[in-house]
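**Student:** next input, structure requested:
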Amino acid sequence: MIKVIAIGDLHAEFPRLWRALRGAYLAGDDFLPTEPVQEGRFRVVLMGDLMHPKTLEHYRRLTGLGDFSPADPVHLRMAAKAQIREMYRVKRYQEAAPEHVTILLGNHDHAAATGDFVLGNAYLEHYEFHPEHGGIDMPEDLKAWLLSFPTEINLYGVNFSHVGPVPWLQTYDAMFYNGREAKEWWQHNPDYVTRMGHRFGVYGHTVMKEGIQVFEHLALIDAFDQDQYLELYLDDDHLEVQVAHVQPLTPQ
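**Tutor:** Here you go, the predicted structure:
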């Protein structure tokens, strides 16, 4: 049996990531995988969207700028460089145990690496990796690493993917962004999971404002900003799923 720790959409919450990994004995003080991860007794799955802070407040925390503005090229460069620096640390962690640490390709990672789309909403757009909007180019080796992420993995019949279990929910093209299925498929077509031959599925992408939701055949876990992630205990005959919590910071 293995223990799988699935962490939902990161969105540049790097301190929270390391607090979760250390608290679950998945990373040491050296930011490298622990022995159970190296041996494969513990598996780590990051569900994608490592890039792009979710809100202006998150950008302020990342950059230390209380007046962060996505229209200011200086601020954008600071946001880009902060993410690049932290992503190299995550890269070092993943490459130290590549068979047991999986990072899935999220649409924000794809957009940041390719520049194909400017993502955002009515309140915030992510320009930091778009030179045409005042941002900077991502280093080529970091782009290549991001674009090497798989869109899904399957462990003992459990499917892990950023959005959903079918190919059209794993292709980040204009059709993906022009429709609503990426956010709503689990409400209207939850049987995608079993129709694709999986006994269970774990997905991110859709913000779970009330925390992680676990249904009969799937879990939606985009709630990492609420200090929640998912633990699964798996083998061919066993499937146990439980919501876990990032340990709070202890006062010094």
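**Student:** drop to CA atoms for contacts and neighbour counts, all remaining ones
**Tutor:** Fine.
**Student:** pLDDT-wise, which helix or strand of the protein ranks last?
**Tutor:** helix 174-178 (a mean of 92; mean pLDDT, DSSP states H and E).
**Student:** show me what that one is in contact with.
**Tutor:** W168, L169, A182 (CA atoms under 8 Å, 6 or more residues apart in numbering).
**Student:** ok now the helix or strand that that helix is followed by, how far from the chain's centre?
**Tutor:** Remark: after helix 174-178, the chain's next helix or strand is helix 181-188, criterion DSSP states H and E. Computed by CA atoms, centre = their mean, to the nearest Å, the chain-centroid distance of helix 181-188 equals 19 Å.
**Student:** got the buried residues for helix 181-188?
**Tutor:** E181, A182, W186 (16 or more other CA atoms under 10 Å).
**Student:** any idea which helix or strand comes after it?
**Tutor:** Toward the C-terminus from helix 181-188 - assigned by DSSP H and E - lies helix 192-195.
**Student:** would you mark the buried spots in that following helix?
**Tutor:** Y192, V193.
**Student:** got the CA positions of the next helix or strand after that helix in PDB?
**Tutor:** Downstream of helix 192-195, the first helix or strand assigned by DSSP H and E is strand 200-207. Extracted in PDB, the C-alpha atoms of strand 200-207 (Å, rounded to 0.1, in the frame of the first residue of the first chain):
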ATOM      1  CA  PHE A 200     -11.900   7.300  -8.500                       C
ATOM      2  CA  GLY A 201     -10.600  10.700  -9.600                       C
ATOM      3  CA  VAL A 202      -8.900  13.600  -8.000                       C
ATOM      4  CA  TYR A 203      -9.100  17.100  -9.700                       C
ATOM      5  CA  GLY A 204      -8.400  20.700  -9.100                       C
ATOM      6  CA  HIS A 205      -9.100  23.800 -11.200                       C
ATOM      7  CA  THR A 206     -12.500  24.600  -9.800                       C
ATOM      8  CA  VAL A 207     -12.200  26.700  -6.600                       C
END
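**Student:** direction included, what does strand 200-207 pair up with?
**Tutor:** Sheet pairing for strand 200-207, assigned by DSSP bridges, gives strand 158-161 (parallel), strand 218-222 (parallel).
**Student:** where does stretch 226-237 sit relative to the chain's centre, distance-wise?
**Tutor:** On CA atoms, centre = their mean, the centre of stretch 226-237 falls 15 Å from that of its chain.
**Student:** residues of it that come out buried?
**Tutor:** Those would be D227, Q228, Y229, L230, E231, L232, L234, for stretch 226-237 by 16+ other CA under 10 Å.
**Student:** which members of the residues you listed occur in strands, if any?
**Tutor:** Q228, Y229, L230, E231, L232, L234 (DSSP state E).
**Student:** still on that earlier bit, can you list the strands paired with strand 200-207 in CSV and add mean neighbour count?
**Tutor:** Below are these laid out as CSV (neighbours: other CA atoms under 10 Å):
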stretch, mean neighbour count
strand 158-161, 24
strand 218-222, 25
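**Student:** mind putting those strands into TSV with distance to R89 and mean pLDDT?
**Tutor:** What follows is the strands paired with strand 200-207, written out as TSV (distance: least, CA to CA, whole Å; pLDDT from 0 to 100):
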stretch	distance to R89	mean pLDDT
strand 158-161	23	98
strand 218-222	22	98
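**Student:** got TSV for the ones you listed, with distance to P33 too?
**Tutor:** Below are these laid out as TSV (distance: least, CA to CA, whole Å):
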stretch	distance to P33
strand 158-161	21
strand 218-222	23
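**Student:** find me the pLDDT at the residue sitting nearest the centre point of the chain, would you?
**Tutor:** Most central in the chain under CA atoms, centre = their mean is G48, positioned 2.8 Å from the mean C-alpha point. G48 is assigned 96 on the pLDDT scale.
**Student:** how about T250?
**Tutor:** At T250, pLDDT is 57.
**Student:** one more: K81?
**Tutor:** K81 is given a pLDDT of 97.
**Student:** perfect, that will be all.
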